[in-house]
Every structure is written in C-alpha cells, then in structure tokens.
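Asker: can you look at this prediction? I've put the sequence above it.
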Amino acid sequence: MRSFNTQIPLEGIYDDVVSAFEADKPMFLQMLDDYIDFEALIPYEFNMAFYRNFGRPREYYLESFIRLLVLQKILGVHTDSLMLHILSLSIELRKFCGFVKVPDAPMVTRFRQGFVGYLKTMFDRLVDITEPICREINNKKADYLIYDTTGIEANVAENNPKFLTAILNNCKKIAKNNPDINPFALAYSKMPDAADANPFVKQQYANGHFCYAYKAGILTNGLGIVRDIALFDDSFRSGHPEIDLQKTDNPELDKEIGDSSSLRPVLEDFFKVHPGFSYNTFIGDSAFDSYDNFKMLRDEFYFDRVAVPLNKRNTAASHSEYNENGIPVCPIDETPFVYIGPAGGKNRSERYKWICHKLYLIPGTTSRNCSCLTPCTDAAGGRYAYTSPNKDFRLCTGIARGTEHWDNLYRHRVTIERTINLLAGKNEPVR
C-alpha cells in the first residue's frame, strides 16, 4: 500500500472512496491508482507462477489481469466478453489496466482457472493488510465478525425459469391421478443436485427461490468489509468430512442445516490463515441458534458476545421461565421482566439483573415495592431474576437480549446482506 496523506484521517479517506464509488467512477479509479500499489499486493509466488506459465516475450503482465478483475467488479460487468468489449472501446480503461493489447475471453478464463489458488492467497494477504486499516477507521465496528451463507448464481440453463416450470408441470400432471402426491415436493426431489455444465454449481433454495449457484460462506466485519469467502466446493468438503450435506425433502431445512454445519469449518479455516486475528463480537441469524454453536463460539473462538436470535422452532431447548428472547418472565402472566443492568460485586461471576415489571422505586430511597395484587413471592422487594453467561451462554450471550443495546448491535447484520448483494450477481459460466 502506498502511504496515505497524513493530513487526512483514514475515516475521511474511506468516506471519500464511498462517495466517489457511488457518484464519480472516474474519480474512484484515480483514487485506486493514488492509494493502492497493486504490484505490492501480489505475492512473490504468484508472480513466479504467472510468468513461468506465459514465458517470453511478455505481451501481458500479471498486474494488468488483476486490475481487470477489480475493474470488472467495480463496473458490475457480469461477463468477460462484455468487459473486454468495453476495454476495446475505452483507452482510459485500457490505460488503467495497463493493456497495450486487449486479451481475448478464453485467455481471461484460463487465467481464472489456472491461478485460482494464487488469487485466494492474494485475497488472504489483502485481508491481512486491510485489517489494521479497518481498526483505525472504526475499531468498534471492525471488532464485529458477521457470518452468513449465500449462493453466487451462475449463468446456467438450470437457472432459466422455464427449466423449473417444465419439471413442475410434469409433476402436476402426475399429481392429478394421485391426490396424495404433493407436486411441489415431487418437483423438488426431481431437480438435479448440480448444473449439467458445471458440477460445482449446486441446487439451492436461497433468498426465497430455487437457483443453481456456487454455495459460499461470507465473513465480514461491522463495516461490511469482506474478511473471507469460503466456497463450499469439493476441496472444502474433502477438508471437512464431518459436514452433513445430505438432501432432505424440505428446502428451507436444507438451507438451515447448511448454515449451521458450515460455521465451525469456515471459522477454523479463517483463523488458521489469520492466526493473529481476534474479534470480540459474533453476529449471525437464527440459523446458528444451538447450544453447541454458542459454546463453540465462546470456548474455541473466544467471542465475548454473540448476537444470534433464538430460533422459535428450537423447542427442545426452550425454558418455561424465559421467553423466546431469553428474557426472564413472570411465572403468573409471562410478562417479560425489566432489564436493570450488570450485577457485579467482588469475587462474583458476570451476570445481569432483571426485575418484575410491577416493581416501583420508593420515593427518596433505592428500595422497591411490588404493586402486584397477586404477588408470586413473599419478599417485600418483589421478584428479581439473574442471567449469567457462565450458566447458560445461549440465553445470556454477553449482552442482554430484548434490550435496545442488543437490538442496535444486531442491526449491524444488515451490512453482510448489502455485501452479499454486491457479490452474488450472476457470473459467466466456466468454459
């Protein structure tokens, strides 16, 4: 990375980059040239492998292909052929990439396929470089690690709406003669597990619809900056044989099982590549709600806070004295208790204090009385309750559920949805 102007704070540069990206693409490209040394980002092994493969004379340079991929993502161009056509029409963009002669589409495809491992290594190095920058921009948000899975849809025949319609229509004809058959469940069972053109493009039920996509796990920080992309390909599966990837007859359940079972291997791989990284807070959706996951996040990956909503379908782990948010409730009418705050004390473990909603402060004192007509306790001060992470980390995850603080923290999960929206566009099929 080239040195930043010491007169401008990193947060100001970050805001300028975001503004330029949204409103002024030429200025954004100029900022890329001013602030990023692409050559310094390329690992030595990548350089050696590239030039050993292409030999001499050197008509193309590795940095040019890297700039091309970055530019293609910035412009949102989904196919290599269209991107190369745009380059051939724009001398400014060719100059940015460093191309004297625009390569053809098969050459770009061979570059992607032949150097995919080195591209991953380069991405990991970029994550190492940008981590302290993110901390300086906003250390609080950079200390959040947010995880979700997605499907990067591919341009394959199975994604054509007519493909699913044809299968569904045939199943409806079969169901006419047999009312016990659910045509939609039958259609789901008849859909192929993978695209015919590419076995790595798997069938998924994502974002409320069926599609064929590269299944992947995404890690970002609270700023929405990508920290890791883990494709669930054959290499990932062979490295983690413990993952249960069996298909059921319930598409929503298949997605949930995939999310939860992928959490441990994705985090293991991420921290193995970046052993010096640590995060205080983990944020994920309710698909990760299980005792094993909460215990793992605290004891193995050392998160102090976990913002994961309780899954209402997880009835086997319910508690009659708590509601669906893990908040203590009144034993008579199940009204949630009121959160008071941390309850400390010398030589005491961390815990949080809750009181009955019918308790009130006696004027001029710190004592409380209960206004309940049918009190559930004989204590003059009414009923209190405590939750402790050491006792049950799933119900007390280092931050009290149902509070404004917890809600504000969990809202940061939307940042990964925005990032996924940028990443999960359709891509040109691998030839």
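Answerer: Sure thing, it's come through.

Asker: name the surrounding residues that touch stretch 222-242.
Answerer: 123, 127, 130-131, 134, 137-138, 140-146, 200, 202, 214-221, 243, 245, 258, 262, 265-266, 269-270, 273, 283, 412, 415-416, 418-419, 423 (CB atoms under 8 Å, 6 or more residues apart in numbering). Just so you know, the C-beta spots here come from the backbone N, C-alpha and C atoms, and that holds for glycine as well.

Asker: and the buried ones among the residues you listed, selectable in ChimeraX?
Answerer: Entered in ChimeraX, the line below selects the buried ones among these, by 16 or more other CB atoms under 10 Å:
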select :127,130,131,134,137,138,141,142,143,144,145,146,200,202,214,215,216,217,218,219,220,221,258,262,265,266,269,270,273,283,412,415,416,419
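
Asker: in helices, which of the contacts of stretch 222-242 appear?
Answerer: 123, 127, 130-131, 134, 137, 140-142, 258, 262, 265-266, 269-270, 273, 415-416, 418-419, 423 (DSSP state H).

Asker: what number of residues lie near Thr109?
Answerer: Thr109: 16 surrounding residues under other CB atoms under 10 Å.

Asker: sorry, wrong one. I was asking about Gly117.
Answerer: With other CB under 10 Å as criterion, Gly117 counts 12.

Asker: and Ala230, what are its phi and psi?
Answerer: Dihedral pair for Ala230: phi -110, psi 110, per degrees, to the nearest 10.

Asker: do the same with Phe301
Answerer: According to degrees, to the nearest 10, Phe301 has phi -110, psi 0.

Asker: so what's it up against?
Answerer: 267, 271, 282 are the contacts of Phe301 under CB under 8 Å, 6+ apart.

Asker: at 6 Å instead, please
Answerer: Leu267 (CB atoms under 6 Å, 6 or more residues apart in numbering).

Asker: now do it against Asn311, distance only.
Answerer: 20 Å (CB to CB, to the nearest Å).

Asker: equivalent analysis for Asn323, please.
Answerer: From Asn323 to Asn311 the distance is 14 Å (CB to CB).

Asker: on the three-state scheme, the residue of the chain most remote from its centre is what?
Answerer: No residue in the chain sits farther from the centre than Gly364, which is 50.1 Å out by CA atoms, centre = their mean. What DSSP: H, G, I helix; E, B strand; the rest coil gives for Gly364 is coil.

Asker: spit out the contact partners of it.
Answerer: For Gly364, counting by CB under 6 Å, 6+ apart, there are no contacting residues.

Asker: can you give me the helices for the stretch 301-431 of the chain?
Answerer: For the stretch 301-431 of the chain, the helices defined by DSSP state H, counting those that start in this stretch occupy 404-410, 414-423.

Asker: reformat the ones you listed as CSV; add mean pLDDT.
Answerer: What follows is those, written out as CSV (pLDDT from 0 to 100):
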stretch, mean pLDDT
helix 404-410, 91
helix 414-423, 85
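
Asker: of those helices, flag the one that's most buried.
Answerer: Comparing the helices of the stretch 301-431 of the chain by mean neighbour count (mean count of other CB atoms under 10 Å), helix 414-423 ranks first with a mean of 16.

Asker: what about the strands in the chain?
Answerer: Applying DSSP state E to the chain gives strands spanning 144-153, 202-206, 209-221, 226-231, 281-283, 305-307, 338-342, 352-355, 359-361, 368-370, 384-387.

Asker: mind putting those strands into a markdown table with distance to Lys101 and mean pLDDT?
Answerer: As requested, these are exported to a markdown table (distance: least, CB to CB, whole Å; pLDDT from 0 to 100):
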| stretch | distance to Lys101 | mean pLDDT |
| --- | --- | --- |
| strand 144-153 | 30 | 90 |
| strand 202-206 | 37 | 76 |
| strand 209-221 | 31 | 86 |
| strand 226-231 | 31 | 92 |
| strand 281-283 | 47 | 96 |
| strand 305-307 | 51 | 92 |
| strand 338-342 | 65 | 79 |
| strand 352-355 | 65 | 80 |
| strand 359-361 | 78 | 76 |
| strand 368-370 | 80 | 79 |
| strand 384-387 | 66 | 76 |
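
Asker: would TSV of the ones you listed with distance to Leu62 be doable?
Answerer: Listed next are the strands of the chain as TSV, based on distance: least, CB to CB, whole Å:
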stretch	distance to Leu62
strand 144-153	24
strand 202-206	31
strand 209-221	25
strand 226-231	21
strand 281-283	36
strand 305-307	41
strand 338-342	54
strand 352-355	54
strand 359-361	68
strand 368-370	70
strand 384-387	55
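
Asker: ok, which of those strands comes nearest Tyr60?
Answerer: Tyr60 lies closest to strand 226-231 among these, at 25.9 Å (CB to CB).

Asker: alright, I will stop here.
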